[in-house]
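*Asks:* Sharing a model that was predicted from the sequence below.
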Amino acid sequence: MTWTKDKNVLLKDLFIDRKMIAILAVFFILGIFLVCTVIVATNTISSLRAFSTMQTYWLEARKDATFELIHFVHTGDELHYEKFNESLQLIHDAHDLRVEFTKDSPDYDLVRELMERIHVNPKDIPSMIVTYERLHTFTHLSDAVRVWDEADQIIQELIDLSLEIHDQIGKGGFNMLLAPAERGMVQAHVSEVLKGNPADFETVWEKNDGDLITVHLTMLPIYVDTFIEGVFVIAEDISYQKYAEEKIKKQLEEKIYLLSEIHDRVKNNLALMSSLLQLQISFIDDSEAQQYLKSTISRIHSIAMVHEKLYQTDNFANIRMDDFIQELLAQIQKRYYRNSDNVQVEIDVDPVTLDIKQAVPSGLILNELIMNSYKFAFNGKKNGKLSISFNKEGDHVKANVSDNGIGLPKDFDINANSSLGMTLIKTLTKQLKAEMQIQNETGTSISFSFESRKSSKI
């Protein structure tokens, strides 16, 4: 009975020991897993840091290459060109490393060699290789590799430029690009940029074959730690643009010449017509017929004046109506109504500018209204008053011709009147899309207003 009791106690103790062993085994496995995790994480972080350091070396090499090339341009010292090529070598090694890494079966001996040439710590190389193999499918890492490849394409452009620059300097300096007469001016701009003043100008470059091209240069100072270390230059070939501008300028000059000839010939032809009608008057005894012809001559003179004014302007498109009205009135008084000293004239005209499509009908309407006032308004009156206004009110032009004469007949209806003068006024008013108002209280007052067109330019 005693033996049975001891056996039960022994079995119980044995069960407890197995339980402790199991717990200890679990903790031991967890400890090993944790240690492995820490080691892997540490190696991964270390390798990623090494990749970051490698990228820093790559960025520094890009910056050094750019500055060494700039210094080479300024000094022509071959030492700077050699340092430029040294920086390029690191960039090339980084590119070759990325190419080898992305192969299906990388040559890891070559990978190690390239990493050492990029100044990677040899102790980090094994972990970097393992990390890249595990993480190269991650989006962020593949995007970084793509950005590096795109940057290398820009570096290739810099290499092409450096070869051209080295060739030019080997022929006698970078100034060989400039036409001899332009070098002093460009050097003066460079001096200003080195003082912190950007420059933007045009100059002439001489190509290798001797041809000259026009170039637009933008120069900006390059700052490094608040100090100006060089000049950033953007050169744009604008030879075709200049050629097009000169061609357009020449065509414009030809157009202006042709327009001036057209206006001059129209004016001369109208003057010839006026002279022929004036000659015809001398052979006509009928005074009423003479008045008709004089009115026609006055209308011709009004149109001729528009073309004369256009001929005298710079753009052959617009005329100042204040000058036109003053001259029109003087011409009517001189040619047809020399005994008009008893008529007091008041003029209120703004310097309104109209194009030919509005100037001609406006001038003809004013001619008719002024002529009618002189012909009919002051019959039987010793003294008279004639007022002429032509003003700009917003987007509209308002003109008025009024007198204190005998006025129009009480039953006067412009729509029913079939005289040539009134027919002209109605037609031209419609052409201008103008509104006309007639007042017949103390004399006659006729106004018309229309929307002013925007002044055009040749």
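*Replies:* Structure received. Since we're looking at a predicted model, the values are computed, not measured.

*Asks:* Where does pLDDT dip in the stretch 251-400 of the chain?
*Replies:* 256-264, 307, 309-317, 335-341, 380 (pLDDT under 70).

*Asks:* change it to 80
*Replies:* Within the stretch 251-400 of the chain, the stretches with pLDDT under 80 are 251-283, 287-288, 290-317, 334-342, 356, 376-383.

*Asks:* That one: strands as residue ranges?
*Replies:* Per DSSP state E, counting those that start in this stretch, the stretch 251-400 of the chain carries strands over the ranges 318-320, 343-349, 353-355, 384-393, 396-403.

*Asks:* Check which element follows the longest strand belonging to the chain along the chain.
*Replies:* For the chain, the longest strand by residue count, based on DSSP state E, is strand 212-224. Following strand 212-224 in sequence order, the next helix or strand is strand 227-237 (DSSP states H and E).

*Asks:* Give the buried residues for that next one.
*Replies:* Residues of strand 227-237 classed as buried by neighbour count (16 or more other Cβ atoms under 10 Å): Gly230, Val231. All C-beta atoms are positioned from the backbone trio N, CA, C, and that covers glycine.

*Asks:* send the alpha carbons of that strand over as CSV?
*Replies:* Presented in CSV, the C-alpha positions along strand 227-237 are these (Å, rounded to 0.1, in the frame of the first residue of the first chain):
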residue,chain,number,x,y,z
PHE,A,227,27.2,82.2,-52.8
ILE,A,228,27.0,82.6,-56.5
GLU,A,229,29.0,79.7,-58.0
GLY,A,230,28.1,79.9,-61.6
VAL,A,231,25.6,80.9,-64.3
PHE,A,232,22.7,78.9,-65.6
VAL,A,233,22.1,79.6,-69.2
ILE,A,234,19.0,78.7,-71.3
ALA,A,235,19.6,79.2,-75.1
GLU,A,236,16.8,79.0,-77.6
ASP,A,237,17.3,79.2,-81.3
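
*Asks:* what's that strand packed up against?
*Replies:* Counting contacts by 3 or more Cβ pairs under 8 Å, 6 or more residues apart in numbering; DSSP states H and E, strand 227-237 packs against helix 2-75, strand 212-224.

*Asks:* and that strand, which strands flank it?
*Replies:* Using DSSP bridges, the strands paired with strand 227-237 are strand 212-224 (antiparallel).

*Asks:* and the partner strand, which residues are buried?
*Replies:* Neighbour count says strand 212-224 has Ile213, Thr214, Val215, Leu217, Met219, Pro221 buried, by 16+ other Cβ under 10 Å.

*Asks:* Tabulate these in a markdown table, adding columns for pLDDT and distance to Ala181.
*Replies:* Shown next, in a markdown table, are the buried residues of strand 212-224 (pLDDT from 0 to 100; distance: Cβ to Cβ, whole Å):
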| residue | pLDDT | distance to Ala181 |
| --- | --- | --- |
| Ile213 | 84 | 14 |
| Thr214 | 87 | 13 |
| Val215 | 87 | 14 |
| Leu217 | 89 | 15 |
| Met219 | 89 | 19 |
| Pro221 | 89 | 26 |
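
*Asks:* From those residues, pick the one nearest Asp285.
*Replies:* The nearest member of those to Asp285, counting by Cβ to Cβ, is Thr214 at 72.3 Å.

*Asks:* Thought Val204 was touching the closest one, still the case?
*Replies:* Yes. Using Cβ atoms under 8 Å, Thr214 is in contact with Val204, at 5.9 Å.

*Asks:* Report the set of residues contacting both of these two.
*Replies:* Listed contacts common to Thr214 and Val204 are nil; contacts here mean Cβ atoms under 8 Å, 6 or more residues apart in numbering.

*Asks:* and Phe84, how far is that from Leu161?
*Replies:* The spacing between Phe84 and Leu161, counted by Cβ to Cβ, to the nearest Å, is 11 Å.

*Asks:* Show me which of these two is the more surrounded one.
*Replies:* Phe84 (23 against 11; other Cβ atoms under 10 Å).

*Asks:* wait, what's in contact with the more buried one?
*Replies:* Counting by Cβ under 8 Å, 6+ apart, Phe84 has contacts Asp64, Ala65, Glu68, Leu69, Phe72, Ser162.

*Asks:* give me that answer again for 6 Å
*Replies:* Ala65, Glu68, Leu69 (Cβ atoms under 6 Å, 6 or more residues apart in numbering).

*Asks:* so who does the second one touch?
*Replies:* Going by Cβ under 6 Å, 6+ apart, Glu68 touches His80, Lys83, Phe84.

*Asks:* In helices, which of these fall?
*Replies:* His80, Lys83, Phe84 (DSSP state H).

*Asks:* separation between the residue nearest to the second one when sequence neighbours are not counted and Lys357?
*Replies:* Computed as Cβ to Cβ, 6 or more residues apart in numbering, the closest residue to Lys83 that is not its neighbour in sequence is Glu68, at 4.5 Å. The spacing between Glu68 and Lys357, counted by Cβ to Cβ, is 66 Å.

*Asks:* do you know how far the closest residue to Lys357 other than its chain neighbours is from Phe324?
*Replies:* Excluding the flanking residues, the one nearest Lys357 by Cβ to Cβ, 6+ apart is Arg453, at 7.0 Å. Distance, Arg453 to Phe324, using Cβ to Cβ: 16 Å.

*Asks:* quick one: which of the two has more around it?
*Replies:* Shown here are Arg453 and Phe324; by other Cβ under 10 Å, Phe324 has more neighbours (23 against 14).

*Asks:* if I look at Phe450, how far off is Ala271?
*Replies:* Counting by Cβ to Cβ - Phe450 and Ala271 are separated by 29 Å.

*Asks:* okay, these two: which has more neighbours?
*Replies:* Phe450 (21 against 14).

*Asks:* For the more buried one, which three-state class applies?
*Replies:* Following DSSP: H, G, I helix; E, B strand; the rest coil, the label given to Phe450 is strand.

*Asks:* Now it: closest residue in space that isn't a chain neighbour?
*Replies:* Ala434 (3.7 Å).

*Asks:* now Ile414
*Replies:* Met422 (5.9 Å).

*Asks:* Just the pLDDT for that neighbour.
*Replies:* The model reports Met422 with a pLDDT of 81.

*Asks:* Can you flag the weakest of the helices and strands packed on strand 227-237 by average pLDDT?
*Replies:* Among the helices and strands packed on strand 227-237, helix 2-75 has the lowest mean pLDDT, at a mean of 64.

*Asks:* quick one on the thing from earlier: farthest-separated two in the buried residues of strand 212-224?
*Replies:* Ile213 and Pro221 (25.7 Å).

*Asks:* ok, back up a step: spell out which helix or strand contains the residue nearest to Ile414, please.
*Replies:* Since the elements are taken from DSSP H and E, Met422 ends up inside helix 420-432.

*Asks:* same for that helix, what does it pack against?
*Replies:* helix 356-372 (3 or more Cβ pairs under 6 Å, 6 or more residues apart in numbering; DSSP states H and E).

*Asks:* Give me the packing partners of the helix it packs on, helices and strands only.
*Replies:* Under the contact definition 3+ Cβ pairs under 6 Å, 6+ apart, helix 356-372 sits against helix 287-312, helix 420-432.

*Asks:* Now the helix or strand encompassing Met436: buried residues?
*Replies:* Met436 is part of strand 435-439, with elements assigned from DSSP H and E. Across strand 435-439, burial judged by 16+ other Cβ under 10 Å covers Met436.
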